[in-house]
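Student: what follows is a protein structure lacking sequence information:
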């Protein structure tokens, strides 16, 4: 009898410790510091070969490096800005993935994944304060959105706000439902990145349809060419 009580007490302590760990993980402030990556000479050469046409185009492009947790803005080979982030999850069609040195995918942005901003004219019968006039100050961009590309891949940018424990648990639940629920879509790879809300909004402002994003750490095969299949 006494032995059974001891085992029950130990089991209760283990459950309490596990619950405390979960709470600390959910409530802790994320670490957005970039990590140091050490690509080999061959890997760095391959990256430069892919990046050369992007730099020559004189259009802005992004380098999303999962191996060092940083988003780099590039134009004509110059780096005007770097934004660090934290990786929440990377999942492929067969389960979780880990960023690999040498993994490289060139993506073309198709959708920013948030509702288009619609500016409604104010009611003439209701005066509007100048600082709240949508024609002068458009609405703030969303801090949470999902990017779609020309490959079967989705990237969710999740802006971190100062939330209480309840909001964070709700956020975790939404993430699980979004990634693993029904109606997930045909994408093979799903990536979720977390960073401060103001940085997520800053990224959203600069995105445009057709922008090139060089993804480092994941290799996503190019889609099959329909003309090549029909021609065979």
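Tutor: On my side now, so go ahead. Computed from a predicted model, the values in this text were never measured in an experiment.

Student: pretty sure residue 46 is in a helix, no?
Tutor: Yes. Under DSSP: H, G, I helix; E, B strand; the rest coil, residue 46 sits within a helix.

Student: start the count at 17, not 1, going forward
Tutor: Understood, numbering begins at 17; the last thing we discussed is residue 62.

Student: so it touches residue 120, yeah?
Tutor: Yes. Residue 62 lies in contact with residue 120 (CB atoms under 8 Å); the separation is 6.4 Å. Placement of C-beta: from N, CA and C, glycine included.

Student: what about the two, which has more around it?
Tutor: residue 120 (20 against 14; other CB atoms under 10 Å).

Student: in contact with residue 113, which residues?
Tutor: Shown in contact with residue 113 (CB atoms under 8 Å, 6 or more residues apart in numbering): 106, 107, 205, 234.

Student: what about it, distance to residue 107?
Tutor: In this structure, residue 113 and residue 107 are 6 Å apart, going by CB to CB, to the nearest Å.

Student: now tell me what touches stretch 79-94 from outside.
Tutor: Residues from elsewhere that reach stretch 79-94, judged by CB under 8 Å, 6+ apart: 48-53, 55, 67, 70-71, 74-78, 95-103, 106, 115-117, 119, 171, 207, 219, 222, 229-234.

Student: among those residues, which are in strands?
Tutor: Taking DSSP state E, the ones among the contacts of stretch 79-94 that sit in strands are 77-78, 95-100, 102-103, 106, 171, 207, 229-232.

Student: which of those count as buried?
Tutor: Among the ones in strands among the contacts of stretch 79-94, those buried by neighbour count (16 or more other CB atoms under 10 Å) are 77-78, 99-100, 102-103, 106, 171, 207, 229-232.

Student: shaky segments in the chain?
Tutor: 17-25, 27-53, 130-139, 143-154, 178-203, 238-248 (pLDDT under 70).

Student: helices along that one, start to end?
Tutor: Taking DSSP state H as the test, the helices found in the chain are 18-43, 57-72, 181-196, 213-222, 242-247.

Student: any idea how far the closest residue to residue 76 other than its chain neighbours lies from residue 122?
Tutor: By the measure of CB to CB, 6 or more residues apart in numbering, the closest residue to residue 76 outside its immediate chain neighbours is residue 91, 4.5 Å from it. Look at residue 91 and residue 122: by CB to CB, they are 16 Å apart.

Student: more crowded one of these two?
Tutor: residue 122 (18 against 14).

Student: correct me if wrong: the more buried one contacts residue 227.
Tutor: No. Counting by CB under 8 Å, no contact exists between residue 122 and residue 227, whose distance comes to 11.5 Å.

Student: joint contacts of those two?
Tutor: With CB under 8 Å, 6+ apart, residue 122 and residue 227 have no common neighbours.

Student: having no further points to raise, I will conclude here.
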